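*Asks:* Need a 3D model of the following:
(2 chains)
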Amino acid sequence: MKSSLSLLALLAALTLVPLGARAASTTVAVAANFTQPAKRLAAAFERKTGDNIVLSFGASGQFATEVTQGAPYAILLSADEERPKQLIALGLADESSLFTYAVGKLVLFSAKPGYVDAAGKVLGSGSFAHIAIADPKAAPYGAAGIETLKTLGVYATVAPKIVTGKSIAQTYQFIATGNAALGFVALSQVIKIKTGSQWLVPAKDYQPIIQDAVLLKAGEHDPVAKAFLAYLKTPRAVKLISSYGYAAAP
Amino acid sequence: MGPAILLTLELAGLTTAILLLLGVPLAWALARARARWSGALAGVAGALIALPLVLPPTVLGFYLLILLGPRGPLAPLFGVTTLAFSFPGLVIGSCLYSLPFMVQPVRAGFAALGSSAWEAALTLRAAPLDAFVTVMLPLARGPILTGALLSFAHTLGEFGVVMMIGGDIPGKTETLSILIFDDVETLNWSAAGHLAGALALVSFLFIWLLLRLERRPWA
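*Replies:* Coordinates of the predicted model:
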């Protein structure tokens, strides 16, 4: 145990040494639905400040678990408001930094043109073998997808056809490759896609997807992390976020 | 938990059975390839078969997603739109993924036997198939058992490929390793701990059995 600890310390030291020589760098955990805007925001921030933002993409639930285990993320851009609150309650995140950076919208998407109609009636048609949904336990967009099926009263018939993606990104992959005829993804993933067919699920059919950002314990004394969070609130950043189909904070 | 254990055992069992049927003759062909042409071909085939040892499962999983999907050649043969998210799809993926674990030890076993027994059987006018089944297979039973145990154990612990093409359907594609991942991810640590412990114990038993077998003289 002792030797593995010192080995870990050595590895940590080795990874930290080269960083000291470069510009400051901060690691941000990003919910997979926010991948595209986060890349552009980080690039714009880097151009402006010269500081380096390292982005890590995955399911919000997975990140929350990793943070409880000491993952070195400075910021969490969650796909919900629950996980940041849980981390604050555990003393792993800074409550004063909490804010809503985006409100997500759910889309029913298919790679087949003309397959998904403008009212989502295809869900009741039974004409598909598989419908892809992100794991509702780890990904808020997955939970919203399940909720929509229940609101529309088709959950019981559709449930046996559900295939689960580990994150909203893998869910999109299942649909884009045609392995699942359709599925629920985030509007931001498909807003710039002209092929296939999509239905923007009405906001009344599911609980709003309030996506909160929070400064984590590892970023407590990190000026770059704080500057990046502040940058997300600038008019320029807000405009870029809304260009990916997100609504503003309520 | 129950269905996942059963499913994982079925997947490992069926994969091992298929690999015995396909992998052993393949290993024999590779071991016998000596002539200039077939030797070069065997080199390429051997490298292809060993590829899953070094390729990340995500790469294999990604190719499988395309291969098994509606634009791939396999789904129409089964009369479905896609083989992803299905048990047959997982079996195909597992066979590819575990192929080197069957072929490598068996090929080495055949090579170590040399050609004297084979040539003696042919000289005594045994048909090649007869000589293979009644002479060579019993002689190579040690390496074949090693290959079978390795393939079974390797499939038990398979994660990446199943994650890429499975879609997590309970009872159909949700294997033990996936269930453990989901439990860890959702902070369900006591369930994850029990399953992980069981899987570690079973895997240990397999490796222990393998090492014991290797110490026994087979020839």
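*Asks:* after the helix or strand harbouring A:Gln173, next one along is what?
*Replies:* Counting by DSSP states H and E, the secondary-structure element that holds A:Gln173 is helix A:168-176. Where DSSP H and E defines the elements, the next helix or strand beyond helix A:168-176 is strand A:182-186.
*Asks:* That next one pairs with which strands?
*Replies:* Here the strand partners of strand A:182-186, with direction, are listed using DSSP bridges: strand A:106-110 (antiparallel), strand A:131-134 (parallel).
*Asks:* now that strand, how far from the chain's geometric center?
*Replies:* Centre-to-centre, strand A:182-186 and its host chain are 14 Å apart (C-alpha atoms, centre = their mean, to the nearest Å).
*Asks:* Contacts only, for the closest residue to chain A within chain B.
*Replies:* As assessed by C-beta to the nearest C-beta, chain A sits closest to B:Gly167 within chain B, at 3.0 Å. Heads up, the C-betas are built off the backbone N, CA and C, glycines and all. Residues near B:Gly167 by C-beta atoms under 8 Å, 6 or more residues apart in numbering or on different chains: A:His130, A:Ala132, A:Val163, A:Thr164, A:Gly165, A:Phe174, A:Ala180, B:Ala84, B:Phe85, B:Thr173.
*Asks:* Spatially central residue in chain A, please.
*Replies:* Centre of chain A computed as the mean C-alpha position; nearest residue by C-alpha atoms, centre = their mean is A:Ala31, 2.1 Å away.
*Asks:* show me what contacts that residue?
*Replies:* For A:Ala31, the contact set (C-beta under 8 Å, 6+ apart) comprises A:Phe57, A:Gly58, A:Ala59, A:Ser60, A:Phe63, A:Leu77, A:Ser78, A:Ala79, A:Ala139, A:Pro140, A:Ile168, A:Gln211.
*Asks:* closest to A:Gly120 among those residues?
*Replies:* Sorting the contacts of A:Ala31 by how near they are to A:Gly120, with C-beta to C-beta, puts A:Ile168 at the top with 18.3 Å.
*Asks:* Please verify my assumption that the closest one contacts A:Gln189.
*Replies:* Yes - between A:Ile168 and A:Gln189 there is a contact under C-beta atoms under 8 Å: 6.9 Å.
*Asks:* which of those two has more neighbours?
*Replies:* More neighbours sit around A:Ile168 than around the other of A:Ile168 and A:Gln189, counting by other C-beta atoms under 10 Å in any protein chain shown; the figures are 36 against 24.
*Asks:* between the helix holding A:Gln173 and strand A:182-186, how many degrees?
*Replies:* Using axes from the mean of the first three to the mean of the last three C-alpha atoms, to 10 degrees, the inter-axis angle of helix A:168-176 relative to strand A:182-186 is 150 degrees.
*Asks:* Any residue of helix A:168-176 touching chain B?
*Replies:* Yes - remark: helix A:168-176 sits within contact range of chain B at A:Gln173, A:Phe174, by C-beta under 8 Å from any C-beta of the partner chain.
*Asks:* Packing partners of that helix?
*Replies:* Helices and strands touching helix A:168-176, as assessed by 3 or more C-beta pairs under 8 Å, 6 or more residues apart in numbering or on different chains; DSSP states H and E, comprise strand A:106-110, strand A:131-134, helix A:140-151, strand A:162-165, strand A:182-186, helix A:187-190.
*Asks:* So which bits of the third one are buried?
*Replies:* Residues of helix A:140-151 classed as buried by neighbour count (16 or more other C-beta atoms under 10 Å in any protein chain shown): A:Pro140, A:Tyr141, A:Gly142, A:Ala143, A:Ala144, A:Gly145, A:Ile146, A:Glu147, A:Thr148, A:Leu149.
*Asks:* ok, back up a step: A:Gly196: which of the helices and strands packed on helix A:168-176 is closest?
*Replies:* Where the helices and strands packed on helix A:168-176 are weighed against each other on C-beta to C-beta, the nearest is strand A:106-110, at 5.6 Å.
*Asks:* Restricting to C-alpha, output the strand ranked longest in chain A in CSV.
*Replies:* When every strand of chain A is counted residue by residue (DSSP state E), the longest turns out to be strand A:93-104. As requested, the backbone C-alpha atoms of strand A:93-104 are provided in CSV (Å, rounded to 0.1, in the frame of the first residue of the first chain):
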residue,chain,number,x,y,z
ALA,A,93,-18.2,22.4,-4.5
ASP,A,94,-18.5,26.1,-3.8
GLU,A,95,-22.2,27.2,-3.4
SER,A,96,-21.5,30.8,-4.1
SER,A,97,-20.2,29.9,-7.6
LEU,A,98,-23.4,28.0,-8.6
PHE,A,99,-25.3,29.3,-11.6
THR,A,100,-27.4,28.1,-14.5
TYR,A,101,-25.4,28.3,-17.7
ALA,A,102,-28.0,26.8,-20.0
VAL,A,103,-31.5,25.2,-20.1
GLY,A,104,-31.5,22.2,-22.4
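*Asks:* need the contacts of B:Gly167 in a markdown table with distance to B:Met163, neighbour count and pLDDT, can you?
*Replies:* Listed next are the contacts of B:Gly167 as a markdown table, based on distance: C-beta to C-beta, whole Å; neighbours: other C-beta atoms under 10 Å in any protein chain shown; pLDDT from 0 to 100:
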| residue | distance to B:Met163 | neighbour count | pLDDT |
| --- | --- | --- | --- |
| A:His130 | 16 | 21 | 96 |
| A:Ala132 | 14 | 29 | 98 |
| A:Val163 | 12 | 26 | 97 |
| A:Thr164 | 10 | 26 | 96 |
| A:Gly165 | 10 | 29 | 95 |
| A:Phe174 | 12 | 31 | 96 |
| A:Ala180 | 15 | 31 | 97 |
| B:Ala84 | 12 | 31 | 95 |
| B:Phe85 | 12 | 26 | 96 |
| B:Thr173 | 10 | 24 | 94 |
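*Asks:* which one among the residues you listed gets closest to A:Pro235?
*Replies:* Among the contacts of B:Gly167, A:Gly165 lies closest to A:Pro235 (C-beta to C-beta), at 34.0 Å.
*Asks:* OK, contacts around that closest one?
*Replies:* The contact partners of A:Gly165, taken as C-beta under 8 Å, 6+ apart, are A:Ala132, A:Ile133, A:Ala134, A:Asp135, A:Ala139, A:Gly142, A:Thr171, A:Tyr172, A:Gln173, A:Phe174, A:Gly183, B:Gly167.
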